[in-house]
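Q: below: sequence and its predicted model.
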Amino acid sequence: MSIEGVDKTNKQDLIFASGTALGGGILSGLLGGSSAKLFYNDLPSDVFVNEVRQKIINKTDDKTVRKMNAFEKYSLNIEKANSLDDLVSAEINFKLACSPKTTFNELKTKYAEKLVKSRRFSDFVNASGRTVDIALDVYQDIKDSENIFALKDALVRQKEIFFEGYSLDEIKEMKKDGLARMMLKQGFDIATFDDYAQQAITQSYNIQKGKFHFNPSKISKEMYNIVVDAAKSLKRKTFAFYALTGALISGGGTYSIIKITDFFKEIRNYKHKK
């Protein structure tokens, strides 16, 4: 094939990739984009929740995002814990995630101070006999721990002693309750950004009427705008996806037709030459 023929083929490919294919892509985009699913069975779709979640995070200061992520991960780790060792590890990681600049000495000091203020420690100390020594030994182990592993062992032992007779599930429930109280104290009434997103969507959308509706008694104007913007953004993304897919399909189909036509032309020319 001559260079001129190659140039012509390249131009043809370009024309059908950017012209005819684009037309087909727009049609597919209109069909696909208009059918973007925001809800399934009257519940927000995962993609919609994720879109709102990300926009909420983008509007939130870094410190709050870090704390929310720490709360979310700690809650999940409590749920997944299969031992006291798992619970202690989850708790230490949570504290460090909330205050990443905390030194080891500060961490163990906080644990020691928290222990002596706890009701269970007081119960042990105020009881008679061996319980006083046991409580003081636990306190001393925490205070004297030289590294994170020693601290972890001391905290596991503390829980084994102070929560003797309790099942792991019961201790986990106590941890969950404590986390919920801590969150409320710091101004968080929901555990995860996903929960915030789902609540915001529910408060912004009237399922019966099938449309967004702002109700100032349910949601702030800023949060409502985030939800509506997320819905529009999702529609645009879906439209763009279908437009691109349509362009590829239409472009590929047109390209194939051109090539097949050229192939048969070459066969006819070859027969004529013979």
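A: Cool, got the structure.

Q: going by C-alpha atoms from here, please, whenever you check contacts or count neighbours.
A: Will do.

Q: now the strands: where do they sit in the stretch 151-274 of the chain?
A: 205-206, 211-212 (DSSP state E, counting those that start in this stretch).

Q: which one of these lies closest to Ala112?
A: Comparison of those against Ala112 by CA to CA identifies strand 205-206 as nearest, at 48.9 Å.

Q: okay, now the sheet partners of that closest one, with direction.
A: Counting by DSSP bridges, the strands paired with strand 205-206 are strand 211-212 (antiparallel).

Q: what comes into contact with stretch 102-117?
A: 96, 121-122, 139, 142-143, 145, 147-148, 151 (CA atoms under 8 Å, 6 or more residues apart in numbering).

Q: and those, which is closest to Ala180?
A: Nearest member of the contacts of stretch 102-117 to Ala180, counting by CA to CA, is Leu96, at 18.2 Å.

Q: surely that closest one is within a helix?
A: Yes: per DSSP: H, G, I helix; E, B strand; the rest coil, Leu96 lies within a helix segment.

Q: and it, how many residues sit next to it?
A: 15 (other CA atoms under 10 Å).

Q: report the contact partners of it.
A: Thr102.

Q: tell me the confidence at it?
A: With respect to pLDDT, Leu96 scores 91.

Q: before we move on, what about the one 5 residues further on?
A: Lys101 is assigned 90 on the pLDDT scale.

Q: sec struct for it, please.
A: coil.

Q: now it: how far from Lys172?
A: Note on Lys101: its distance to Lys172, by CA to CA, to the nearest Å, is 27 Å.

Q: which one's more surrounded, those two?
A: Lys172 (20 against 9).

Q: pretty sure the more buried one contacts Lys80?
A: No: using CA atoms under 8 Å, Lys172 is not in contact with Lys80; the gap is 9.7 Å.

Q: noted, bye for now.
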